[in-house]
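> Here is the input, now give the coordinates:
(chains A, B, C and D)
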Amino acid sequence: MLELEEMALVERPEKKKPLGPLFWLCVGWIALNIFGAIFANVLPLQNPLYQNYSAINVGPSLHHIFGTDDIGRDIFSRIVYGSRVSIAVGFGSMVIGFGIGAPLGMLAAYRRGRFDTILTTFMYILLAFPAIIATIAVLSFWTPRSVFKIILVIGLASVPLVYRVIRTATLSVATKDYVIAAKVQGAKDRRILMKELLPNIAPIGISFLLIGIATVIALEGTLAFLGLSVTTPTPSWGNMINESRTVLQQNPWLAIFPSLALCLFLLSLNFIGDRLRSHFDVTEVKL
Amino acid sequence: MLRYVIRRILMLIGIVFIISVGSFFLIHLLPGNITAVIEGPGASPENQAKLFKLLGLNRPIYEQYFVWIGNILHGNLGTSFISQTPVVTTIGNALPIDLEIMFLSQILAFAVAIPMAMRSARKPDGVIDRFFSAGSFTMLSVPSFIVIILLVLFVSIKLGIPHTGPSSYVSLRGDWIGNLESMALPAITLAVGSFVVYFRVLRSDLIATLQEEFITMARSKGLSQRRIMWRHAFRPSSVALLGAAGVNIGGLLAGGFVVQYLLNIPGLGYTLIAAINTDDYLLVQGIVLVVSVGVVLINFFFDFIINIVDPRISRE
Amino acid sequence: MTDVSEKLLIVEDLSTTFATAGGPLPAVANISFDLGRNETIGIVGESGSGKTVLSRTIMGLQPRTNVSVTGSVLLDGNEMVGASEDFKRRLWGTEVAMVFQDPMTSLNPVMRIGKQIDEALRVRLGMSKQDAKARAIELLELVGIPSPVQRYKAYPGQLSGGMRQRVVIAIALACSPKLLMADEPTTGLDVTIQAQILNLLDELKERLHMSVVLVTHDLGVVATRTSRIVVMYAGRIVEIGATRDVFANHRMPYTRALLESSPKVSNASHTRLITIPGRPPNLLKLTQGCSFAPRCSYATDKCHQERPELQAADQPGHSFACWNPLPTTRGDSAT
Amino acid sequence: MTDARQPLLKVRDLKVTFGKGSHAVSAVAGVSFDVYEGETLGLVGESGCGKSTTGKALMRIVEPSSGSIELDGADLAGLKKGGRQLRNIRTRMQMIFQDPISSLNPRRRVKDIVAEPLDCWKTVTGHDRDVLVSDLLSKVGIDPAVYGNRYARQFSGGQCQRISIARSLAMRPKLLICDEMVSALDVSVQAQILNLLEDLKAEYGLTLLFIAHDLAVVKNVSDRVAVMYLGKICEIGPADALYEAPAHPYTKFLLGAALEADPDSPMNAQVLEGEPPSPMNPPSGCRFRTRCPNATEKCASEEPQPQEVAPGHQVSCHYPLSITRK
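Below is the predicted model of the structure:
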């Protein structure tokens, strides 16, 4: 294959795959969801907590486009409000995870030596610790649960994972000759980190970030399903699916619409992350 | 190799130590009067005093830890104040169920993922590969609690297959067909989550391996495609797969909990959630400890296998 | 049938074109040459000249997708072009085998080397386990690996580059092929190891009565070890002939450029090298004319417009593709 | 005649050891040489002999474990790692690497790559910087107007190596260390780069340490040549003299194994048997003795010291080959 590349080589061509319309559709979908989550208060939505006893378990109609739940609340409006929790937890905990894990990972891989050895050993021990059990355990004890606490716990739990991915990525870049060359030019460490390493790690980081957000949102859903996320009646996608299972036979809509909202959101995030990865020609990072 | 194993075992001991410290302090994270919190409101003063003594709360914290760990090493995880049964007994009843689900689901996941990944890798970006990849990608985005709800909706409600719905767990001791039926949905749910990971990891590694020069070399020896795939490509490609399996089995626990919770299957997950809801903290602590150590051991086991599969790793 | 068997390999008008995102890429175009029994031919070219693709196409080892091969490759009377994988598989190992460029990547890293040799013997020759092992150890000894019984159990990672290349050769020889394709067999190796490997190949060729196709970028490798050489540029043969004729009486300016631009040990220090400007062409954007014309100081309008075909030179078997060939009688500047 | 000139770089007993304890590998085991102002010293040897590590240790890319490195009288070996003084000295010595593609950041523009040292040191800024960068690029044969704004990943190996050269010259260094800089290139491109290097050496008054495994390439660019084997220099001398009449048996074998593009050149009559021993466990005495046909007990017990066999031509061998000139 290398040979082929050489044959077509006067200028090495930009061999990027185009992102394609599906990619932009997914970006649009994510943007729409975030928009809905932020402006849910301002948008003409019904009160997600209002219980309309004259319309219990009704299917989709003009008035309630996704129908109502077993105590007469509007499912559509609950889904829009519910996205707030998912999106906040997804993005928030990744901000914490990356905020701590990424700089540490970069620094460790660049510095090497004892700093790297100690930090990496420590992180690997943490990684061996089943983060999900730890998360469930901490959240079960740390009541009352709030979005902030969930973000904090999941965020901290994700640090070792982010650290490992970023460190591995940095390591593969930091041993490249151009980094040594920059050192030889007399560049300071900070300059090397920002100008040489960061631009080459960013693509891996971004695609991992998106896939990480998706994973965290699914995790929040799981926690909610187990009754370990925000307390009811605050809607979240996971809460809603959890509530639906007692009336699964009477009102499948209550399960289907939040599930659909969650899956589409996750699918879009995963798809964007995956496309970006192949676009930047990053070999698959094992997550 | 021996050096490597020794190093890993030392690390393993370190990790188990940290886990035990972590689980120990879970109890101490509780706000307010610990004994009251643990035993719940309305606990009798003598029970509180008993617990106080059991936890050795009057002694320095490190001593408390050593007393606690000493008890554990003697197989004593305490006795639940809610159900009045020893924690070890409760866990001992629940654990086999988890192991059975895990075993069935992993067999299923590998049995589907390996041939599919091989088929896909043979012609990357071909019709079959695209179909498989798109399918796995969609499944990647469906959390296990949705999978199980859909399965319940269709298999037990629509098709009405016995022993598959909620609260219909059949013990292995009684009727093994019924047991298998009641284990089918949980195993399938976990298998779906695992399959996606295994398929994707193995596919991308196989594609990379098949482009290696030693594969061309194997072809030039006149070996059949089948033989090349299984004897030459599979083993060097399976390192990441095994690594993923090790990590994934730990990750599956959350999904396992959900499934057990929804179907009322009395495994560790179900017991844990129940314990959380009844504030049975000693039981929670015991389960967290047992599951964490279990996950670490599984990871260790897979690491060990990886070393046998790829001799390059321990040499480094 | 009889005249076929005189030549072990006959390549006729062979072209390999890859379908790429940028359009069809003619990696190898209109190659014809033949190879006698127990003969060594050298194929020389820079990277991107198509020499590796050519050697793989001859073996039928080209990738299975996005490639079209036309022309004919007769290997001991067997047509390789268009043959099924099953048919070719029966010839691989027994008729033709290959020694690959990089011994670091051409051995399976997770398989003991003994097993990699055994495999061919057992699958292709149907040997028993014990026989195969005995033969494998014999082969390891044949290629000069010290203490072969112990090495039989080694993984490739435990051997040096030179030793690995010997193992690769042992694998190639396992089923006694009539033709050995050696694709840059010494490129990654040190000079002293290179000399060992090249001598080994020479010796084995005589001993096992093989023919060898020696593919390389290094004129030094082919100078003393081949009877004839093929010079390739941009996927085509630009000059072919007896080694001595090509070195001493080359007619194609590219051949001269290749010879003169490589530094020589016998040069005085600070000898200025004669260079050709520019780089090999982009095969996706080839013009009508001679591919070397843009870099050639002799190029005329004709060179840019019309592709020269191979034409005979004075010596038998020597031909070249050039509209403005170098004169035949020149001083002794070639060496 | 060389002795009359000042050594620009003076290396004494340089050692580099990787790893610790029983796993220690002494990659460079005590190397001493001088590089005189304006000359090219070729450093040649097979892979694993420590030639590249020597080059990197001089730049302090790898840390020498002992020895001294003096550039223009200033000792480099003692400077603090990562300190300003060490960074400063790097404006006076530069290095070009083996892999042309990997030595340029694929996500930066050619202009910025060449300007990197200028931007680090802020010696030339603004418009002057752009002019200097364009000038450097034209000097190495890259049209700054056409290619200056392209990303490094779009260039071929030869072009990348040209850009690397331009970058290394930006601070007008005195010493340039070339580590296998042409070994990844095709012959025709290699010749272009070698000629370019000779031109720029004259124009910028450079002193070169040219590290390579290819004997012919080294001969073509060097005034003097040092031959390394297993972490030590076994022979050093004027290029023409050393190639014509090697005094160390290893040098002779090395030269004998080099292939000439000439059908009439003799086939390697005598090939060096075996492979170099592991640097983890080097032989006692002379490191070459395990493969040397002339080795005696003395070679095992006593390490040969450098001795002068001709003016400026030193060899570390108990039994140097007679250097009767042809």
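
> and the closest residue to chain A within the stretch 101-250 of chain C, how far is that from chain D?
Ranked by Cβ to the nearest Cβ, the top residue of the stretch 101-250 of chain C for proximity to chain A is C:Gly235, at 7.6 Å. (C-beta placed from N, C-alpha, C; glycine too.) Separation of C:Gly235 from chain D (Cβ to the nearest Cβ, to the nearest Å): 15 Å.

> what sits against that residue?
Applying Cβ atoms under 8 Å, 6 or more residues apart in numbering or on different chains to C:Gly235 gives the contacts A:7, C:26-29, C:49-50, C:53, C:283, C:291.

> so where do the helices sit in the chain?
Picking chain A for this. Ranges of helices within chain A are A:2-7, A:20-38, A:75-111, A:113-128, A:131-141, A:147-174, A:177-185, A:189-191, A:198-225, A:237-244, A:253-279, based on DSSP state H.

> I was thinking of chain D, sorry if that wasn't clear
D:51-58, D:84-89, D:110-121, D:126-139, D:144-147, D:157-169, D:187-204, D:215-221, D:239-244, D:249-257, D:297-301.

> Looking at those, spot the one closest to D:Arg291.
Ranking the helices of chain D by proximity to D:Arg291 (Cβ to Cβ) places helix D:249-257 first, at 8.0 Å.

> can you dump the C-alpha coordinates of the closest one into PDB?
Output of helix D:249-257 as PDB, limited to C-alpha atoms (Å, rounded to 0.1, in the frame of the first residue of the first chain):
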ATOM      1  CA  PRO D 249      40.600  -5.500  10.400                       C
ATOM      2  CA  TYR D 250      36.900  -4.400  11.000                       C
ATOM      3  CA  THR D 251      37.300  -1.500   8.600                       C
ATOM      4  CA  LYS D 252      38.800  -3.800   6.000                       C
ATOM      5  CA  PHE D 253      35.900  -6.200   6.300                       C
ATOM      6  CA  LEU D 254      33.400  -3.300   6.200                       C
ATOM      7  CA  LEU D 255      34.900  -2.000   3.000                       C
ATOM      8  CA  GLY D 256      35.100  -5.400   1.500                       C
ATOM      9  CA  ALA D 257      31.400  -5.900   2.000                       C
END
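
> tally of neighbours for the residue of the stretch 51-200 of chain A found nearest chain C?
Among the residues of the stretch 51-200 of chain A, A:Thr175 lies nearest to chain C; the distance is 17.8 Å by Cβ to the nearest Cβ. Neighbours of A:Thr175 under the rule other Cβ atoms under 10 Å in any protein chain shown: 12.

> Can you tell me how far the residue of the stretch 151-300 of chain C found nearest chain A is from C:Pro294?
Per Cβ to the nearest Cβ, C:Asn282 is where the stretch 151-300 of chain C lies closest to chain A, at 4.0 Å. According to Cβ to Cβ, to the nearest Å, C:Asn282 stands 11 Å off from C:Pro294.

> how about the helices of chain D in TSV, adding mean pLDDT, distance to chain B and mean neighbour count?
Formatted as TSV, the helices of chain D follow (pLDDT from 0 to 100; distance: least, Cβ to the nearest Cβ, whole Å; neighbours: other Cβ atoms under 10 Å in any protein chain shown):
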stretch	mean pLDDT	distance to chain B	mean neighbour count
helix D:51-58	93	20	25
helix D:84-89	82	31	15
helix D:110-121	90	30	22
helix D:126-139	92	36	16
helix D:144-147	87	31	14
helix D:157-169	92	21	25
helix D:187-204	91	24	20
helix D:215-221	92	27	25
helix D:239-244	91	36	20
helix D:249-257	90	26	22
helix D:297-301	91	31	14
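
> between those, which one is nearest to C:Leu310?
The nearest among the helices of chain D, by Cβ to Cβ, is helix D:187-204 at 21.9 Å.

> ok, which residues in the stretch 201-316 of chain B are in contact with chain C?
B:212-214, B:216-225, B:227, B:231-232, B:235-236, B:309-312, B:315 (Cβ under 8 Å from any Cβ of the partner chain).

> so A:Gly36 makes contact with A:Gly82?
No. Using Cβ atoms under 8 Å, A:Gly36 is not in contact with A:Gly82, being 10.2 Å away.

> Between the two, tell me which one has more neighbours.
Comparing A:Gly36 with A:Gly82 by other Cβ under 10 Å, the one with more neighbours is A:Gly82, at 27 against 17.

> Apart from its chain neighbours, what residue comes closest to that one?
A:Pro235 (4.0 Å; Cβ to Cβ, 6 or more residues apart in numbering or on different chains).

> now C:Glu206
Nearest residue to C:Glu206, sequence neighbours excluded (Cβ to Cβ, 6+ apart): C:Asn38, at 7.7 Å.

> Next: B:Ser171.
Nearest to B:Ser171 is B:Asn179, by Cβ to Cβ, 6+ apart, at 6.5 Å.

> and the one you found, what pLDDT?
Per-residue confidence (pLDDT) for B:Asn179: 81.

> SS state for it?
helix (DSSP: H, G, I helix; E, B strand; the rest coil).

> Determine the number of other residues adjacent to it.
Neighbours of B:Asn179 (other Cβ under 10 Å): 18.

> Kindly report the residues of the stretch 101-250 of chain C close to chain D.
C:160-163, C:190-196, C:199, C:217-221, C:223-225, C:243-244, C:247-248.

> just the buried members of those residues?
Listed as buried from these are C:160-163, C:190-196, C:199, C:217-221, C:223-225, C:243-244, C:247-248; burial here means 16 or more other Cβ atoms under 10 Å in any protein chain shown.
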